[in-house]
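**Student:** After the sequence you'll find the predicted model.
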Amino acid sequence: MSSSSLVHFLRHVSFPPDPHLLPTALKSCPSLLLARTLHAAAVAADLAGDSFVASSLLHAYIRFGATADARAVLDTMPQKKPNVITWNGLVSGLNRSGCARDAALAVARMHAEGFLRPDITGVSCVLSAVGDLGEILVGEQLHGYAVKAGSRLDACVATGLIDMYGKCRRTEEIVRVFNESSHIDVASCNALIAGLSRNSQVSEALRLFKLFREMQAQGIEPNPVTIPCILPAFANVAALMHGRSAHCFSLRKGFFHNIYVGSALVDMYAKCGKVRDARMVFDAIPSRNVVSWNAMIGGYAMHGEAANAVQLFQSMLICKQKPDTVTFTCVLAACSQAGLTEDGRCYFSEMQRDHGITPKMEHYACMVTLLGRAGKLDEAFDLISDMPFKPDGCIWGSLLGSCRVHSNVDLAEVAAEKLFHLEPDNAGSYVLLSNIYASKKMWDGVNRVREMMKDVGLKKEKGCSWIQIKSKVHMLLAGDDSHPMMTAIIEKVKQLNIEMRRLGFAPSTDFVLHDVEEQEKDDILAVHSEKLAVALGLISKPRNITSSNKEPPNLW
DNA sequence: TTAGGGTTAG
């Protein structure tokens, strides 16, 4: 704003300021500079503590992202006894600006200082923040408070509680609150679906689809928010038919132009292995945001299409879309998958130098994987040693994994030691170390690790795979013969093994325990859960049907 | 001047 229009603006709001005109001026205030000027004028006229003025100042500062200024206003408020509406406005404003911790602290302070008791609106405002912070204990207290305040749960509070419990991974509570709420609407249904979708087990994911149908049967029409709530559940179990149906539904309902719908569809297609479909959806999104770009770059990365991932990243920069921390996680993961060691190194520097993004744990994890896969284990170890924060289990796990590939026992022992300390319940690290010893025929080491596992009382978790046949998801565990069709499944696996050997396949038995006879080793590998799932799929498929000639059913 | 639900990685 030029200085002449500034003068005009100040004239327009009329000085000396009064408590009625200041809020109006702040509401239409076009810049942070002017908000600060008006704040100064309010302080000079001793109006900064007026609840209307303070509330308007807060909203103006939050609108410009000046949370430090907002907090300064907040700090002057207790002495002036703000009303409950001012506080609620503050809390919702802080929350909307992504300052979840400040929002929660504001409510805690309001309560602790005893000058205002939060009302139901205040509880609604802060629940989302509490969920984002994962503060389950605070959330439970708010739940109790809301129950005391009203006989049955109001829809907004119920939605907030469902959302909070969902973010804190309390599945049972999600359903309980939903059932106890006095009124359900599309928002509470969406919160329920999102909560279950976020925390769904494989076998439960498709039940959400039934929930979606029940919601419609009760006259609650899904809205554009429903689609990104439900899609992650389908994406996570690669339920392509359901995902495709959701796509058709979005097109029919005119939801496709919603950016959340578009990005969630890109992600779903990529996770279901349909990268070309993901790209078609991505290209059709009318205006993309950083999440849409990340979903597509991540989709290429997860399928090892590093060249496409990097190319899309360059297009992103050309389109003036600012990359974020997730973008670089995806780009680095793509480089790591494809063995593009030098490119990965360059992007790791570029993110800091050109984009001002400080590497986080996941970026270091990608770099350790990238260097480890290339056999540069010492360099990976040096990078870990130079990290500005304490490496977590993923970092050491990645190094240990690379040590297995490159049979480096010395570094493996260092990494494993760290892992045993950081994640004492993770049987995987013991098994990995044991496999590394086994590959080097160091049977003493194998036995030592086995004894350690016994002492700690750890067992290796069974491998688990699943396959969807028609609308049912079948779970298969390695070595578990509880599936009703197991005899036929085993028969099919045997047949496939014979066929594979005939075609020249020789399974590697290096990593299996050394004291098992050769034939037994093959048997152990033969009941690998993925093989069982594939075999079940093959014996369940009608003859002459391939996935490409099958029409997607109209599920929705 | 106050309230609820949504997409990406790890």
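**Tutor:** Noted; the coordinates are in hand.
**Student:** on contacts alone, who are the packing partners of the helix or strand containing A:Ser92?
**Tutor:** Using DSSP states H and E, A:Ser92 maps to helix A:84-96. When contacts are defined as 3 or more C-beta pairs under 8 Å, 6 or more residues apart in numbering; DSSP states H and E, helix A:84-96 sits against helix A:51-63, helix A:67-75, helix A:100-112, helix A:120-133. (Each C-beta comes from the backbone N, C-alpha and C, glycine too.)
**Student:** what does that helix contact?
**Tutor:** Contacts with helix A:84-96, where a contact means C-beta atoms under 8 Å, 6 or more residues apart in numbering, come from A:51-52, A:54-55, A:58-59, A:62, A:67, A:70, A:74, A:77, A:100, A:102-103, A:106-107, A:110, A:116-119, A:121-122, A:125-126, A:128-129.
**Student:** Tell me the buried residues within these.
**Tutor:** A:51-52, A:54-55, A:58-59, A:62, A:67, A:70, A:74, A:77, A:100, A:102-103, A:106-107, A:110, A:116, A:118, A:121-122, A:125-126, A:128-129 (16 or more other C-beta atoms under 10 Å).
**Student:** How about the stretch 151-300 of chain A: which residue is closest to DNA strand B?
**Tutor:** A:Ser263 (2.6 Å; C-beta to the nearest atom of the strand).
**Student:** Helix, strand or coil: sort out A:Ala25 for me.
**Tutor:** Following DSSP: H, G, I helix; E, B strand; the rest coil, the label given to A:Ala25 is helix.
**Student:** Tell me where the stretch 401-550 of chain A is predicted with low confidence.
**Tutor:** Along the stretch 401-550 of chain A, the parts satisfying pLDDT under 70 run over A:471, A:507-527, A:543-550.
**Student:** Helix or strand for A:Ile467, just tell me which one.
**Tutor:** A:Ile467 is part of strand A:464-469 when elements are defined by DSSP H and E.
**Student:** Return the set of buried residues in that strand.
**Tutor:** By neighbour count with 16+ other C-beta under 10 Å, strand A:464-469 contains the buried residues A:Ser465, A:Trp466, A:Ile467, A:Gln468.
**Student:** how about those, which pair is most distant?
**Tutor:** A:Ser465 and A:Gln468 (11.5 Å; C-beta to C-beta).
**Student:** returning to that earlier point: please state the mean pLDDT value computed over the helix holding A:Ser92.
**Tutor:** For helix A:84-96, mean pLDDT is 77.
**Student:** could you give the angle of it to helix A:51-63?
**Tutor:** Calculated by axes from the mean of the first three to the mean of the last three C-alpha atoms, to 10 degrees, helix A:84-96 forms an angle of 0 degrees with helix A:51-63.
**Student:** What residues of helix A:84-96 count as buried?
**Tutor:** Buried residues in helix A:84-96 (16+ other C-beta under 10 Å): A:Thr86, A:Trp87, A:Asn88, A:Gly89, A:Leu90, A:Val91, A:Ser92, A:Gly93, A:Leu94, A:Asn95.
**Student:** and A:Gly273, what does it touch?
**Tutor:** Residues near A:Gly273 by C-beta under 8 Å, 6+ apart: A:Ala238, A:Leu240, A:His303.
**Student:** so how far is the helix ranked longest in chain A off the chain centroid?
**Tutor:** Longest helix in chain A by number of residues (criterion: DSSP state H): helix A:486-502. Distance of helix A:486-502 from the chain centroid (C-alpha atoms, centre = their mean, to the nearest Å) equals 38 Å.
**Student:** Run through the neighbouring helices and strands of it.
**Tutor:** Checked by 3+ C-beta pairs under 8 Å, 6+ apart, helix A:486-502 has helix A:518-526, helix A:529-540 packed alongside it.
**Student:** residues of it that come out buried?
**Tutor:** Under the neighbour-count criterion of 16+ other C-beta under 10 Å, helix A:486-502 has A:Met486, A:Ile489, A:Ile490, A:Lys492, A:Val493, A:Leu496, A:Asn497 buried.
**Student:** Quick check: the farthest pair among these?
**Tutor:** Distance extremes for the buried residues of helix A:486-502: the farthest pair is A:Met486 and A:Asn497 at 16.0 Å, using C-beta to C-beta.
**Student:** Intersect the contacts of helix A:84-96 with the contacts of DNA strand B.
**Tutor:** Contacts with DNA strand B within these, counted by C-beta under 7 Å from any atom of the strand: A:Ser51, A:Phe52, A:Ser55, A:Asp119, A:Thr121, A:Gly122, A:Cys125, A:Ser128.
**Student:** Show me the contact partners of stretch A:207-214.
**Tutor:** By C-beta under 8 Å, 6+ apart, the list of residues contacting stretch A:207-214 reads A:189, A:192-193, A:196-197, A:200, A:222, A:226, A:230, A:233, A:242, A:555-556.
**Student:** any bit of it sitting next to DNA strand B?
**Tutor:** No: Stretch A:207-214 is not in contact with DNA strand B by C-beta under 7 Å from any atom of the strand; minimum separation 12.2 Å.
**Student:** Contact partners for the spatially most central residue of chain A?
**Tutor:** What sits nearest the mean C-alpha location of chain A, by C-alpha atoms, centre = their mean, is A:Arg198, with 8.3 Å. Contact analysis of A:Arg198 by C-beta under 8 Å, 6+ apart lists A:Gly166, A:Lys167, A:Arg169, A:Pro232.
**Student:** rerun that using 10 Å as the cut-off
**Tutor:** Residues counted as contacts of A:Arg198 (C-beta atoms under 10 Å, 6 or more residues apart in numbering) are A:Gly166, A:Lys167, A:Arg169, A:Thr171, A:Ile174, A:Cys229, A:Pro232, A:Ala233, A:Asn236.
**Student:** Against DNA strand B, which of the contacts of stretch A:207-214 make the cut? List them.
**Tutor:** Answer for the contacts of stretch A:207-214 near DNA strand B (C-beta under 7 Å from any atom of the strand): A:Cys189, A:Thr226.
**Student:** Next up, identify which helix or strand the residue found closest to A:Ser434 once you drop the neighbours it is linked to in the chain is on.
**Tutor:** Nearest residue to A:Ser434, sequence neighbours excluded (C-beta to C-beta, 6 or more residues apart in numbering): A:Val449, at 4.3 Å. If you go by DSSP H and E, A:Val449 is part of helix A:443-456.
**Student:** Need the contact partners of that helix.
**Tutor:** By C-beta under 10 Å, 6+ apart, the surrounding residues in contact with helix A:443-456 are A:409, A:412-413, A:416, A:420, A:424-425, A:427, A:429-438, A:440, A:442, A:458-460, A:513-515.
**Student:** Show me which positions of stretch A:214-231 end up buried.
**Tutor:** Neighbour-count burial for stretch A:214-231, counted by 16+ other C-beta under 10 Å, picks out A:Met215, A:Ile220, A:Pro222, A:Pro224, A:Val225, A:Thr226, A:Ile227, A:Pro228, A:Cys229, A:Ile230, A:Leu231.
**Student:** among those, which two are most distant?
**Tutor:** The distance between the two most remote of the buried residues of stretch A:214-231 (C-beta to C-beta) is 18.5 Å, for A:Ile220 and A:Leu231.
**Student:** thinking again about what came up before, what separation is there between the residue nearest to the centre of chain A and A:Ala233?
**Tutor:** Separation of A:Arg198 from A:Ala233 (C-beta to C-beta, to the nearest Å) stands at 8 Å.
**Student:** So which bits of the stretch 51-200 of chain A are right by DNA strand B?
**Tutor:** Contact residues, the stretch 51-200 of chain A versus DNA strand B (C-beta under 7 Å from any atom of the strand): A:51-52, A:55-56, A:83-86, A:88-89, A:92, A:95-96, A:119-122, A:124-125, A:127-128, A:154-160, A:163, A:166, A:185-191, A:194, A:198.
**Student:** how about a cut-off of 6 Å?
**Tutor:** A:51-52, A:55, A:85-86, A:88-89, A:92, A:120-121, A:124-125, A:128, A:154-156, A:159-160, A:163, A:185-188, A:190-191, A:194 (C-beta under 6 Å from any atom of the strand).
**Student:** Tell me the secondary structure of A:Val473, please.
**Tutor:** A:Val473 - assigned by three-state DSSP - is strand.
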